[in-house]
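In: mind folding the following:
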Amino acid sequence: MKKAKIYIPTKTAMQSGRGKLKKWVLEFVTKDSSINPLMGWESSTDTLGELILKFSSKDQAVEYAKTNNISYTVIEPKKKEFVIKSYADNFLKD
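Out: Numbering: from 1, shown residues only. Below is the predicted model:
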């Protein structure tokens, strides 16, 4: 049975906004990787490791996994709490 994880990817260090963090990703989990003795590259016979599916909601990703008989794990995103403060607060002592 195929295994997958469903999550929202984190933003990279080069991103400042949160606009692209709304897509859910279904990524297959593969453990069949090995080192190619000739070139030293990591290779695998399982091509599902290269496949990443994007969905607009978690429900769509879960429904896709259920209809295609894929064992899945949902990783919920951590909620971030934003503290709004003024520039002057950087110089005030608490």
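In: in a strand, Val25, correct?
Out: Yes: the assignment for Val25 is a strand, going by DSSP: H, G, I helix; E, B strand; the rest coil.
In: number of nearby residues for it?
Out: 16 (other Cβ atoms under 10 Å). Every C-beta, even on glycine, is put in place using the N, C-alpha and C of the backbone.
In: quick one: secondary structure of Lys5?
Out: Applying three-state DSSP: Lys5 is strand.
In: which one is it nearest to, not counting chain neighbours?
Out: Thr73 (5.0 Å; Cβ to Cβ, 6 or more residues apart in numbering).
In: check contacts around that neighbour.
Out: With contact set as Cβ atoms under 8 Å, 6 or more residues apart in numbering, Thr73 has these partners: Lys3, Ala4, Lys5, Ile6.
In: any chance of those residues in TSV with distance to Glu63 as columns?
Out: TSV is the format used below for the contacts of Thr73 (distance: Cβ to Cβ, whole Å):
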residue	distance to Glu63
Lys3	17
Ala4	13
Lys5	16
Ile6	11
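In: among the residues you listed, which ones are buried?
Out: Using 16 or more other Cβ atoms under 10 Å as the burial test, the contacts of Thr73 include Ala4, Ile6 as buried.
In: can you lay out the contacts of Thr73 as a markdown table showing pLDDT?
Out: A markdown table is the format used below for the contacts of Thr73 (pLDDT from 0 to 100):
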| residue | pLDDT |
| --- | --- |
| Lys3 | 91 |
| Ala4 | 93 |
| Lys5 | 94 |
| Ile6 | 95 |
